[in-house]
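Visitor: let's see this in three dimensions:
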Amino acid sequence: MTPEQLALRDAVRSLLDKHSDVRAAIETPHGHDKDVWTRLCDIGVLPIPERYGGSGAGLAETRVVLEELGRTLTPSPLLASTLAARALLATGNEEACDRLLPRIADGTAATLVWPWDNARTSFNGTARYVLDGDLAEILLATDGTDLYEIDLAGVSREHTPTMDPTRRLATIHLTDGAATRLGRWSPEVRDVALSLLAAEQVGAAARALELTVEYTKTRVQFGKPIGSFQALKHRMADLHVLVETARSAASAADDEVSAAVAKVYCSEAFFKVAAEMVQLHGGIAITWEHDAHLYLKRAHGSGQLFGSPAVHLERLRAKI
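Guide: Numbering: from 1, shown residues only. Below is the predicted model:
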């Protein structure tokens, strides 16, 4: 990372250490801490050009921030708002960008309805598993060809409870007449989504491993910390290699193929680390009070988000 990116990472990590309370956030009606989100926007975490009121950050900086959010499992509209902003910029529609991007940069939650689950979006039908879809104030949608702005008065929305309480998903019921065409849809948005999600998964996997290593240094069995046992040393060394390889895959996800590779590898790596975290923590890992189950649930949920590893493996096979 550049010195600027390192400074951004440190600033975000310090902010989350001081102000992020995941369990309190998921109990709020909107599923995230609005004060933390405002502070993140003040730092300039969204990749929006300065001419539209943003900080001029790029996707590389947003990946840094998402990795930090992944470490703490902090819920936020960052991923959804970034994808909406990216899709909007790709249309080249200056009027829409001038009108909507400054609001997104200021923290207005935005989201994107797109057929990542291979279901064609109908503007007289139902869209499922929409990130922050029940609370977003700016709603964009694509049918796979064009991008549209959705009139919120023409939709009904409902929160969709999921296994992962730290990720807000919704079901949106669209009706005719609620959509205004903004421009062409860019398929590159899918690659951006996979790249950003991979960064978040790496952050969560790295923190899950750190917590597991810390625990094995304090858990005593047969008069010794279990982390001193050679078998566990080997397992955690393997997990370390897995996390660092996933980090490399995520950092190199800058085109269609590498983004699909990152989605597959980082999803599987995170799940492996989270599962080992639960096993190596023993009985306390399955209690509500411990965070291990939250990491495992996030691993399950993020593995399916934007398409399962199996879906993207099929895409990669088609490229060979």
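Visitor: contacting residues around the residue nearest in space to the middle of the chain?
Guide: With distances taken as C-alpha atoms, centre = their mean, Leu197 lies nearest the centre of the chain, 4.4 Å away. Residues near Leu197 by C-beta atoms under 8 Å, 6 or more residues apart in numbering: Leu66, Leu79, Lys263, Cys266, Ser302, Leu305, Phe306. No exception for glycine: its C-beta is placed from N, CA and C like everyone else's.
Visitor: now Val130
Guide: Thr111, Leu112, Val113, Leu169, Ala170, Thr171, Ile172.
Visitor: which residue ranges of the protein form strands?
Guide: For the chain, applying DSSP state E gives strands covering 110-113, 126-131, 138-142, 146-150, 155-160, 169-174, 179-184, 220-221, 224-225.
Visitor: can you give me the buried ones in the fourth one?
Guide: Yep, that's strand 146-150 we're talking about. Neighbour-count burial for strand 146-150, counted by 16 or more other C-beta atoms under 10 Å, picks out Leu147, Tyr148, Glu149, Ile150.
Visitor: let's have the contacts of Leu197 in a markdown table, adding pLDDT, neighbour count and distance to Asp254.
Guide: Formatted as a markdown table, the contacts of Leu197 follow (pLDDT from 0 to 100; neighbours: other C-beta atoms under 10 Å; distance: C-beta to C-beta, whole Å):
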| residue | pLDDT | neighbour count | distance to Asp254 |
| --- | --- | --- | --- |
| Leu66 | 97 | 28 | 15 |
| Leu79 | 97 | 23 | 18 |
| Lys263 | 96 | 33 | 13 |
| Cys266 | 97 | 31 | 14 |
| Ser302 | 96 | 23 | 20 |
| Leu305 | 94 | 23 | 20 |
| Phe306 | 94 | 24 | 16 |
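Visitor: now, which of these lie within helices?
Guide: Leu66, Leu79, Lys263, Cys266, Ser302 (DSSP state H).
Visitor: is the first one in contact with Leu196, as I believe?
Guide: Read that as Leu66. Yes. Leu66 is within contact range of Leu196, at 5.5 Å (criterion: C-beta atoms under 8 Å).
Visitor: now the common contact residues for the two.
Guide: In contact with both Leu66 and Leu196: Leu79, using C-beta under 8 Å, 6+ apart.
Visitor: and stretch 43-63, how far out from the chain middle?
Guide: 17 Å (C-alpha atoms, centre = their mean, to the nearest Å).
Visitor: what stretches of the stretch 101-250 of the chain score poorly on pLDDT?
Guide: For the stretch 101-250 of the chain, applying pLDDT under 70 flags the ranges 117-124, 176-177.
Visitor: closest one of the ones in helices among the contacts of Leu197 to Leu100?
Guide: Leu79 (17.5 Å; C-beta to C-beta).
Visitor: check contacts around that closest one.
Guide: Leu66, Leu131, Ala193, Leu196, Leu197, Glu200.
Visitor: and Leu73, by the same measure?
Guide: By C-beta under 8 Å, 6+ apart, the residues touching Leu73 are Val22, Thr166, Ala204, Asp291, Leu294, Tyr295, Arg298.
Visitor: buried residues, the lengthiest helix in the chain. List them.
Guide: The longest helix of the chain (DSSP H) is helix 188-218. Buried residues in helix 188-218, counted by 16+ other C-beta under 10 Å: 189-209, 211-213, 215-216.
Visitor: go on, stretch 104-113?
Guide: Neighbour counts over stretch 104-113 (16+ other C-beta under 10 Å) mark Ile104, Ala105, Gly107, Ala109, Ala110, Thr111, Leu112, Val113 as buried.
Visitor: wait, the last one sits on Ala127?
Guide: Yes. With contact defined as C-beta under 8 Å, Val113 counts as touching Ala127 (4.6 Å).
Visitor: spit out the residues that contact these two alike.
Guide: Contact with both Val113 and Ala127 is made by residues Thr121, Gly133, Ala141, Ile172, Leu174, according to C-beta under 8 Å, 6+ apart.
Visitor: which one among the residues you listed gets closest to Gly31?
Guide: Looking across these and measuring by C-beta to C-beta, the closest to Gly31 is Gly133, at 11.4 Å.
Visitor: any figure for the gap between the closest residue to the closest one other than its chain neighbours and Leu101?
Guide: Once flanking residues are discounted, Gly133 sits nearest to Ala170: 3.3 Å by C-beta to C-beta, 6 or more residues apart in numbering. According to C-beta to C-beta, to the nearest Å, Ala170 stands 23 Å off from Leu101.
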